[in-house]
Every structure is written in structure tokens, then in C-alpha cells.
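Trainee: need a 3D model of the following:
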Amino acid sequence: MNFCGIDDICAAYETARFVVVPVPYDLTSTYQAGSRKGPQAILEASSNMELFDEELHTETFRAGIHTMVPLESEASGPEAMIGKVEKVVADVCRDGKIPVTLGGEHSISIGAIAAIHAQYPDITVVHLDAHADMRDSYQGTRYGHASVARRVSEKCPLIEVGIRSMSYEEDCFIREQGVFVLSPDEMKADSECIRKVFTSLSKNVYVSIDLDVFDPAVMPATGTPEPGGLTWDDVRKVTKEIALTARIRGFDVVELCPLPGMVAPDFTAAKLVYRMMGYCELQRDGYTER
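Mentor: Residues are numbered from 1 along each chain as shown. All right, here's what the predicted structure looks like:
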């Protein structure tokens, strides 16, 4: 199944600008499992989108979007799965393409980011999430969904956006390490804070989007929903500001936990992926209007 349901000519790997890597994996999920079904739901929803982007006034799919066969899960543990994701994403990067990883649980982002970091050592990661994900370990593993940002922070600079849930341990670590965390309340109190934050980005950026960064009224289909989240426009403005400030070298959208009979969250996730691709194309086209 090709993302957007596009024909094989626009989906050819050789000419594709974007490579979608579906990772149906949720071994370390807590509370509500089911994010392993997220990639398939996003792909199915994407085939029902209008492919003309009304904000960007373009048909982004014409840049080429190749969709890989979903990665088979590693039952031995999250570290092995992270290694598999890293290898695949590294191959995509070496071919000069933009990897778009679809989860699945958030732990898979560790592998994708490791691959991007190897290619672009100056990478900054912008992490959109409801949760800090800064635990050193959780439920016996240092590589689960609750430790994603902690592992990433050990490799490269990190900015967290939309955070509204963390443990005492995480709060202490964030304060001690000086990690920049932007809460929904801070974003709403100062309309200029988004732009101020991203002026400190490095030239190259990776964006990791856990869908629970959205308010549950917008995105109820996640395994760990948190009230007080971002709207569609909030996330759009943040991601567009990133695209106008630095060069997005890869991104992921994770933690969709599909709800039977409710397709709106799947469609929202698919449109977010497509819009992010469009923002990446703005960078190539030299777009500078803010």
C-alpha cells in the first residue's frame, strides 16, 4: 500500500524524495496497547486525502513518496528493534532521501534519530509530546517508550514541545541538564515564544511527533492521552516554524492507537504526515515567507 494511494511511478524508490518506513511495533507500551496498528491505519487514511495541499498550494506527492514494506517486529526486546530501525533509516539517508518513520510506539524513534545523527552530527531533535519521556529506565528497560527523550538527549541537543506530564525524576533531570521544555500554557501565553525558541536550532533538525501531543479532543486515539494538549493549528505553526528556521532531515509520527469505527484520528495523523512532507519541500524550494 503506497502512502497517499499514489501510482507506482510517483512511488518509485529511485526518484522519491520521501521514504515512508512503517514500524508496527508496541512491545513496551503501557496503559493502552495497539499502536502496532497505527502505520496501517495511517496508510489507509492517506489514500482518502485530497493530494492538493490547500495551505501550500502544491501537490506534494509529485516529489515522490516511496512506501517500504512494514518492518517485522523483533520479539527479543526493544533494543533489537531500535537497531533494525536504525539500519533501515541509515540506508535511506545514505541514498539522499528524507525518512518518514511511522509508529508504532515511540521507542522506535531512538533508532531513526541515531541514524540521522550519524549522517548529520549537528542535528537538533525537536520532540513534540505530552510526556517528557525522560526516565532513565521504566519497567526494566532503558529503551522503552518512556525513555525516548532521555536516550536522545545523550546524543544530541533536544527541545521538547507540548509537555504536560512527567515524573519527579524527570523534572529533576530536566532542570539539572537545562533541557528546554515548552508547555502548552507557555505557548498560549506568548505567541512569539515559538519563534524565539527555534532561533537556536542547528542547521539540521529531526522532528519526532508523538500524537498524544494533541489534546484528546483532537486526537483521542493514543495509548496515553493527556488533557490540555495542542490543537491542529498549534502543531502546524510549530512544525512550519521549524521548517522555516532549519532543514528537516527526517521525522516520525508515532503512537496512533486506532479506535474501531473512528477514522478521524487516523486521517488527522495521515494529513499531518503529508503536511510535514510539504514543509520539507518548502525548504528545497527556498521558501522564506513566515
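Trainee: low-confidence ranges in this structure?
Mentor: 191, 285-290 (pLDDT under 70).
Trainee: strands of that one, residue ranges please.
Mentor: Applying DSSP state E to the chain gives strands spanning 18-23, 65-67, 98-103, 124-128, 158-161, 180-182, 204-210, 247-254.
Trainee: highest average neighbour count across those strands?
Mentor: The highest mean neighbour count among these, using mean count of other C-beta atoms under 10 Å, belongs to strand 98-103: a mean of 28. From N, CA and C alone the C-beta is placed, and that goes for glycine too.
Trainee: select the longest helix from this protein.
Mentor: helix 264-284 (DSSP state H).
Trainee: and the angle for it with strand 18-23?
Mentor: 150 degrees (axes from the mean of the first three to the mean of the last three C-alpha atoms, to 10 degrees).
Trainee: return the set of buried residues in helix 264-284.
Mentor: 265-283 (16 or more other C-beta atoms under 10 Å).
Trainee: Glu255 is in contact with Asp212, isn't it?
Mentor: Yes: taking C-beta atoms under 8 Å as the definition, Glu255 is a contact partner of Asp212 at 5.9 Å.
Trainee: including distance to Cys172, could the strands of the chain go into JSON lines?
Mentor: Shown next, in JSON lines, are these (distance: least, C-beta to C-beta, whole Å):
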{"stretch": "strand 18-23", "distance to Cys172": "31"}
{"stretch": "strand 65-67", "distance to Cys172": "42"}
{"stretch": "strand 98-103", "distance to Cys172": "28"}
{"stretch": "strand 124-128", "distance to Cys172": "18"}
{"stretch": "strand 158-161", "distance to Cys172": "15"}
{"stretch": "strand 180-182", "distance to Cys172": "13"}
{"stretch": "strand 204-210", "distance to Cys172": "22"}
{"stretch": "strand 247-254", "distance to Cys172": "26"}
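Trainee: so what's Thr124 up against?
Mentor: Cys156, Pro157, Leu158, Ile159, Leu201, Ser202, Asn204, Val205, Tyr206, Ala246 (C-beta atoms under 8 Å, 6 or more residues apart in numbering).
Trainee: try it again with 10 Å
Mentor: Under the criterion of C-beta atoms under 10 Å, 6 or more residues apart in numbering, the neighbours of Thr124 are 156-159, 198, 200-207, 242, 246.
Trainee: Val253 versus that one, what's the distance?
Mentor: 18 Å (C-beta to C-beta, to the nearest Å).
Trainee: and Asp26, by the same measure?
Mentor: Counting by C-beta to C-beta, the gap from Asp26 to Val253 is 15 Å.
Trainee: the closest residue to Val207 other than its chain neighbours pairs with what?
Mentor: Nearest non-adjacent residue to Val207, counting by C-beta to C-beta, 6 or more residues apart in numbering: Phe251, 4.1 Å away. Beta-bridge partners recorded for Phe251 (DSSP bridges): Val100, Val207.
Trainee: from what I see, Phe251 and Tyr279 are in contact.
Mentor: Yes: the pair Phe251 and Tyr279 passes the contact test of C-beta atoms under 10 Å, sitting 9.2 Å apart.
Trainee: what's the overlap in contacts for those two?
Mentor: Residues touching both Phe251 and Tyr279 (C-beta under 10 Å, 6+ apart) are Val207, Thr239, Ile242.
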